[in-house]
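>>> pasting the structure only:
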């Protein structure tokens, strides 16, 4: 079995050395009246082990009526705040966030997510290992307690219905080889802690 330490970057990847060729990344967090989630989410994002000059943290507020924007201005002044003006919904709100992002790559997170300090570097590493046709990558996502798998990989059955093969399994059963995932998918889930 190949371990992640033995994997080498794809020769055609723009990222040949995932430790030094770090691209600029915009992390887009969509928010709609999610004030109670913002502190743990952005506390984890501001603790990322990623060069600040290569990282844009962007909160796209989807017409919140709570004090989300006031809270962000007071507690996370380095985060770029964008407003949609009204609730555009999940897909259109994220589309607007991607449109306003300035990074070479965009990472989407729900506001009820927290990440490990090495999360973004591990995501970049998985892009370096991928083939030319990779358009997205995902993370191992755990429940809020960090004990069960919320998302690891997606799959399709014969009828084209998607499912998560590892959902609810103990974290010890996680596949640690990024090449063994059935497919890659968006890193979305409620109450998840993303780990690589």
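Happy to help now that I have it. Nothing here was measured: the structure is a model prediction, and the numbers come from that model.

>>> for the chain, which segments count as helices?
Listed in chain order, the helices of the chain (DSSP state H) span 35-46, 68-75, 90-100, 119-129.

>>> residue 123 touches residue 106, doesn't it?
No. Residue 123 is beyond contact range of residue 106, at 11.1 Å (criterion: C-beta atoms under 8 Å). Quick note: C-beta positions are derived from backbone N, CA and C, even for glycine.

>>> which one's more surrounded, those two?
Set residue 123 next to residue 106 and count neighbours by other C-beta atoms under 10 Å: residue 123 wins out with 23 against 18.

>>> from residue 160, how far out is the more buried one?
Noted for residue 123: a distance of 27 Å to residue 160, by C-beta to C-beta, to the nearest Å.

>>> tell me how many other residues crowd the residue nearest to residue 39 when sequence neighbours are not counted.
Of all residues not flanking residue 39 in the chain, residue 75 sits nearest, at 6.9 Å (C-beta to C-beta, 6 or more residues apart in numbering). Residues within reach of residue 75, counting by other C-beta under 10 Å, total 13.

>>> of all the helices of the chain, which one is nearest residue 23?
helix 119-129 (6.7 Å; C-beta to C-beta).

>>> what's the angle from the closest one to helix 35-46?
Interaxial angle, helix 119-129 versus helix 35-46 (axes from the mean of the first three to the mean of the last three C-alpha atoms, to 10 degrees): 60 degrees.

>>> and helix 119-129, how far out from the chain's middle?
Offset of helix 119-129 from its chain centre (C-alpha atoms, centre = their mean, to the nearest Å): 11 Å.
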